[in-house]
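Visitor: I need the structure of the sequence given here:
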Amino acid sequence: MTPAAARGPVSGDRPWIMVDDDGRAAPDDCGSRTRTYRRIQDALDAARSGDRISVCPGRYPESLRIGPRATDVYLATEVSFEAVLVPPPTATRPGVDIHDVSRFEIRGFRIRPAGAVGPVTIGSITIPGTRVCSPAPAAVHIRDAHDVTIRGDRIGSDPACGYRVGIEAVDASVDVSVAQVTDFLARGVAAGPGTDIDIDHSDIRFLHRDRPAALPGSVLDPEATGIAIEGADAARIQTVSVFTRVPERPTDLVVLLWAGISISDAHGPVSIRHSVITRAWRAGIRVVRSGGLSILNTLVRRTYGDGIVLDELSGARIVGDDTDRSVTGIRLGPASRDVLVDHLRATRSAVIDCVDASTGAGTAGTANQWRNATGRSSEPDGICLAP
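Guide: Reported below is the predicted structural model:
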């Protein structure tokens, strides 16, 4: 077997360090009787810079703590998605905690975080026979780290008592690619202050078909968001799909994403390219107070609010995008300035295709420039031309 990924580490001449849940494996042979590590954490603790760790198929009931010793360490599964990381139920610790490390990669795992379940307590009184959920904070948490890669991993959870955030980064540079995040309660991917993040060829899925099975305490965030960028240094989102399941009943609207992608107070540059956002409650894409924004060749569809909503921006470029079957196709707030909207197509909007609430010397008395934008209706007149 070939590991799920193979790159050139600093010390590529070293043999693979093997991990198998039965404690026996050899490079390229998970059926070997050679003694090896049974736990992933033990292999990480013994690793040196440049080591490569391969994990055989199996179930690993452990959380991972990855610190400075793991600099330039590459952790991959022998067979993609066949090594399942099942952290112990917790309400306080992430399933994978990555901190103070450089050039670390984790690849090909299924990660199944779960919250802690216990009886209801009121003060010093415990009520026997009751069960309440305290969700896990995050599947993967990254802080004070550089050149961290999360590649080809699948994050999901039991709906009874799950986790709040899939991948969370603060003061870090992170590359998330070919990943899948589902079943989160608050954020699929979250990037905070001091973070430079790339999200590429990944799926953020907000499904929650089994909410009736959820335990008390496993509460959906009313502003649950697929990708939330808040105060980050830079963000690049490319070829990403963010979607909510199809509502089966009117009451299912309450379990839609509040926003597909929400970006605020990012220093920039910020870009969204070649992506698809499907079914959100308030906005498909929402960006405020962020610099160097570009949204290119992206489709937003079936949003129950604004397809794209922008405000407190200057110099943003919205080029070659489509909004389809939203209440409002695109909305620019009164504090938007020098935004270029070019070759936008707003189709089948329930109320209005294009709204620009700014005033200035741009198109149709707005502070922004509109070119080749097509749709049925606009406010003010002249922004969206009839197709």
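
Visitor: Distance check, Leu215 against Asp198.
Guide: The gap separating Leu215 from Asp198 is 36 Å, by Cβ to Cβ, to the nearest Å. Every residue, glycine included, has its C-beta placed from N, CA and C.

Visitor: ok, now Ala46?
Guide: The value you get for Ala46 to Asp198, if Cβ to Cβ is used, is 30 Å.

Visitor: Low-confidence ranges, this structure, go.
Guide: By pLDDT under 70, the low-scoring segments of the chain are 1-14, 386-387.

Visitor: Nearest to the spatial middle of this structure, which residue is it?
Guide: The chain has Val189 as the residue nearest its centroid, 2.5 Å off, counting by Cα atoms, centre = their mean.

Visitor: got the contact list for the strand or helix carrying that one?
Guide: Using DSSP states H and E, Val189 maps to strand 187-191. Identification of contacts with strand 187-191 by Cβ atoms under 8 Å, 6 or more residues apart in numbering yields 164-170, 174, 176, 181-182, 197, 199, 202, 204-206, 221, 224-230, 232, 235, 242.

Visitor: how far out from the middle of the chain is that strand?
Guide: Here strand 187-191 is found 4 Å from its chain centre; the criterion is Cα atoms, centre = their mean, to the nearest Å.

Visitor: got the CA coordinates for that strand in PDB?
Guide: C-alpha atoms of strand 187-191 as PDB (Å, rounded to 0.1, in the frame of the first residue of the first chain):
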ATOM      1  CA  ARG A 187     -18.700  27.100  12.100                       C
ATOM      2  CA  GLY A 188     -17.400  24.800   9.500                       C
ATOM      3  CA  VAL A 189     -14.100  26.700   9.100                       C
ATOM      4  CA  ALA A 190     -13.200  29.800  11.300                       C
ATOM      5  CA  ALA A 191     -10.200  32.100  10.900                       C
END
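
Visitor: which neighbours does it have in its sheet, and in what orientation?
Guide: Taking DSSP bridges as the criterion, strand 187-191 sits next to strand 163-177 (parallel), strand 225-230 (parallel) in its sheet.

Visitor: Just send these back as a markdown table, with distance to Asn297 too.
Guide: A markdown table is the format used below for the strands paired with strand 187-191 (distance: least, Cβ to Cβ, whole Å):
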| stretch | distance to Asn297 |
| --- | --- |
| strand 163-177 | 19 |
| strand 225-230 | 17 |
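
Visitor: and the helix or strand hosting Thr130, how far from the chain's centre?
Guide: Taking DSSP H and E as the criterion, Thr130 maps to strand 125-134. What separates the centre of strand 125-134 from the centre of its chain is 32 Å, taken as Cα atoms, centre = their mean.

Visitor: what pairs with it, and is each one parallel or antiparallel?
Guide: The pairing partners recorded for strand 125-134 under DSSP bridges are strand 116-122 (antiparallel).

Visitor: Now the partner strand: buried residues?
Guide: Ala116, Val117 (16 or more other Cβ atoms under 10 Å).

Visitor: Quick one: residues in contact with that strand.
Guide: Strand 116-122 is contacted from outside by 89-91, 126-134, 136, 160-161, 215-216, using Cβ under 8 Å, 6+ apart.

Visitor: Which PyMOL command selects the buried ones in these?
Guide: Here is the PyMOL command that selects only those of these that count as buried (16+ other Cβ under 10 Å):
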select buried, resi 89+90+132+133+134+136+161+215
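
Visitor: Test my guess that Ile98 contacts His146.
Guide: No: if you go by Cβ atoms under 8 Å, Ile98 and His146 don't touch, sitting 10.6 Å apart.

Visitor: Name whatever forms a beta bridge with Thr328.
Guide: With DSSP bridges applied, Thr328 shows beta-bridge pairing to Asp306, Ile352.

Visitor: residues contacting it?
Guide: Neighbouring residues of Thr328 by Cβ under 8 Å, 6+ apart: Gly305, Asp306, Gly307, Val309, Ser349, Val351, Ile352, Asp353, Val355.

Visitor: Can you tell me which of those residues lies closest to Asp342?
Guide: Taking Cβ to Cβ as the measure, Asp353 is the one of the contacts of Thr328 closest to Asp342, at 15.3 Å.

Visitor: Any idea how many residues pack against that closest one?
Guide: When neighbours are counted by other Cβ atoms under 10 Å, Asp353 registers 28.

Visitor: Okay then, goodbye and thanks.
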